[in-house]
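J.: Give me a model of this one.
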Amino acid sequence: MDVMPLLLLVAGSAAVAAAGRRVPVPVPLLLVAVGLAVSYVPGVPDYTLDPHIVLPLLLPPLLYTAATDSSYLDLRAQARPVALLSVGYVLFATFVVGCAAYLIVPGLPLTAALVLGAVVAPPDAVAATAVARRVGLPSRITTILQGESLVNDATAITAFKVALAAAVGEGATWAGGIGEFLIAAVGGVGVGLILMVPLHWLRTHLKEALLQNTLSLLIPFVAYAVAEQVHASGVLAVVVVALYLGHRAWEVDFATRLQEEAVWKMVAFVLESAVFALIGLQLPVVLKGLGEYEGADAAWYALALFLVVAVARFVWVYPATFLPRLSARVRAREGELSWKGPFVIGWAGMRGVVSLAIAFSIPLTVHGGEPFPERNLILFLTFTTVIGTLVVQGVSLPPLIRLLKFPAHDVQAETLAEANAQAQASRVAELRLDDLLADERNALPAPLADRLRMVLERRRNAVWERLGQVNPVTGETVDDTYRRLSREMISAEREVFVRLRDGRYIDDEMLRTLLRRLDLEEAAAYREAT
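T.: Numbering: from 1, shown residues only. Model prediction:
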């Protein structure tokens, strides 16, 4: 097996993503653009998306890291809009886009058109969260977009299976489709509920952070595979498990949390970069099969379908947002709501790699050995819709949000809330320390006991100091100065240790032990100061 193309993909996409952080263009769009350009460089291999790789190997970890970073409590508070988008909108888009494609493309059977509708129905989890993080959307809108993107893939995949069964002549019915959807949804949630408690128990009882993080890397694949094995939704199983584990992450050992955060940030960075680069690299593969269509006709179909996809989202979002507010109970619970939030949600409908992976899973033939109707055109229209939404909506979304002038985050209020929370925790910890020191079994020399109190006091005061004035000479807060001085002191110690190792006064093993201790102290100083 030739691994060089895979290494080039990972290394190249990571390099582009790293460079993209220095330019104003959103990183996902830059990766797609570079992928499009590189796809025509001589010697670049064809990177055909294999659904047997993307869905079971790339989708679970991406969903897992997005779900563990989400808030279960916030998602529960926004359950109604999330459900209306992740289930209602996907089914609505499948039907509307399918009917529109049937009317726009001559000779396209309705069943094949509905397959296309299901393929392009779900907005992409990675694209939505990447743009939301970059532009600083209000927390309620971000929660809704994240919640939608976590669940909508399950709806779309099930709708695709039903439409595909009808297209290939397997006699699918509406009743059978609804039944399959309910089985997949209930089964996926059920598998997640069954797995989440024993997996959390195992995480909390493994004694080594290395083992716990190895388990963490396996969890999304295990949840997805178990659910798919019983013909349930692997997507929902991963999301349920991840939300539970993220909500209970405080019960895991601190070393595990520190390692896990670093590991999953790296995994998410590599996978997200590779996924967007892969989207751009599909252009030659898609165009190869489009020879039977004239360029003007194919371009017209692509433009028309993109417009239908964009408009259909607004047609669903505004009624789904404001009709429930006819209830006085809903208005009282949710307060005032302007048109701006639904407008952003309507425009933030970027499609991504899941749509392409599903499209590539369309079989070449139907029952009887006949070619699947217009399969190449469906692949092309899926690709153009993904590229169109990423480029048009992805590029315009940040300036649109700035133009709408959403209320900025109240940094002062957030810092004050953080300081109050820290003060309450510090008071409890101080009382606990006094109780422990009163027991003769916990006797400590006065300097060590004072050091514990100083550390506690420093942690309590650090947040309050962020509310204070800056240094008139350097422009630093007290917080920043503390962190800088801590790092300077630690850096001086580190240089001494290295010099002693080079002079053979200590060996490399002792150097690693001493450096790790300094690393932990530097991390502690950084966390206390932020």
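J.: Is it correct that Ala296 falls within a helix?
T.: Yes: assessed with DSSP: H, G, I helix; E, B strand; the rest coil, Ala296 lies in a helix.
J.: measure it to Ala302 for me?
T.: Separation of Ala296 from Ala302 (CB to CB, to the nearest Å): 11 Å. For the C-beta atoms, the positions are set from N, CA and C on the backbone; glycine is no exception.
J.: higher neighbour count, those two?
T.: Ala302 (19 against 8; other CB atoms under 10 Å).
J.: What is the burial count for Ala225?
T.: A count of nearby residues for Ala225, using other CB under 10 Å, gives 13.
J.: right, I mislabeled it, should have said Val87
T.: 19.
J.: contacting residues for it?
T.: Val87 makes contact with Val151, Asn152, Thr155 under the criterion CB atoms under 8 Å, 6 or more residues apart in numbering.
J.: What is the nearest of those residues to Val392?
T.: The closest of the contacts of Val87 to Val392 turns out to be Asn152 (CB to CB; 20.0 Å).
J.: Can you pull the phi/psi pair for the residue of the chain most remote from its centre?
T.: Each residue of the chain has a distance to the centre, and by CA atoms, centre = their mean the biggest one is for Glu440: 50.4 Å. Main-chain dihedrals, Glu440, degrees, to the nearest 10: phi -60, psi -20.
J.: If I look at it, what pLDDT would I see?
T.: As predicted, Glu440 sits at a pLDDT of 81.
J.: any idea how far it is from Ala159?
T.: Plainly put, Glu440 is 68 Å away from Ala159 if you go by CB to CB.
J.: coming back round to it: out of the contacts of Val87, who has the most neighbours?
T.: Among the contacts of Val87, Thr155 has the most neighbours (other CB under 10 Å), with 28 neighbours.
J.: Off-centre distance for stretch 415-428?
T.: Chain-centre distance of stretch 415-428: 30 Å, with CA atoms, centre = their mean, to the nearest Å.
J.: cool, and stretch 365-375?
T.: On the basis of CA atoms, centre = their mean, the separation between the geometric centre of stretch 365-375 and that of its chain is 36 Å.
J.: measure the residue most central in space within the chain to Leu49 for me?
T.: For the chain, the residue nearest the mean C-alpha position is Ala66 (3.4 Å; CA atoms, centre = their mean). Per CB to CB, Ala66 is found 20 Å from Leu49.
J.: ok, how many other residues are close to Leu448?
T.: Using other CB under 10 Å, Leu448 has 8 neighbouring residues.
J.: follow-up on the earlier one: immediately after the one helix or strand the residue nearest to the centre of the chain maps to, which helix or strand?
T.: Under the criterion of DSSP states H and E, Ala66 resides in helix 59-68. Scanning forward in sequence from helix 59-68 by DSSP H and E, the next helix or strand is helix 72-77.
J.: Show residues contacting that following helix.
T.: The contact list for helix 72-77 (CB under 8 Å, 6+ apart) reads Val82, Ser139, Thr143, Gln146, Gly147, Leu243, Tyr244, Gly246, His247.
J.: got the contact list for the third one?
T.: With CB under 8 Å, 6+ apart as the criterion, the residues that contact Thr143 are Ser70, Ser71, Asp74, Leu75, Ala77, Gln78, Val82.
J.: The same query, at a cut-off of 7 Å, please.
T.: Ser71, Asp74, Leu75, Gln78 (CB atoms under 7 Å, 6 or more residues apart in numbering).
J.: Which strand or helix spans it?
T.: Using DSSP H and E, Thr143 sits within helix 139-167.
J.: Packing partners of the helix or strand following that helix?
T.: Toward the C-terminus, helix 139-167 is succeeded by helix 174-205 as the next helix or strand (DSSP H and E). In terms of contacts (3 or more CB pairs under 7 Å, 6 or more residues apart in numbering; DSSP states H and E), helix 174-205 is packed against helix 139-167, helix 209-229, helix 234-247.
J.: Not counting sequence-adjacent ones, nearest residue to Ala167?
T.: Distances taken as CB to CB, 6 or more residues apart in numbering place Thr111 nearest to Ala167, at 3.9 Å, with adjacent residues excluded.
J.: Pretty sure that neighbour sits in a helix.
T.: Yes: counting by three-state DSSP, Thr111 is part of a helix.
J.: Looks like it contacts Val168 (just checking).
T.: No: look at Thr111 against Val168 with CB atoms under 7 Å: they stay out of range, at 8.5 Å.
J.: Please pull out the lowest mean pLDDT helix or strand from this structure.
T.: The helix or strand of the chain with the lowest confidence, counting by mean pLDDT, DSSP states H and E, is helix 125-135 at a mean of 64.
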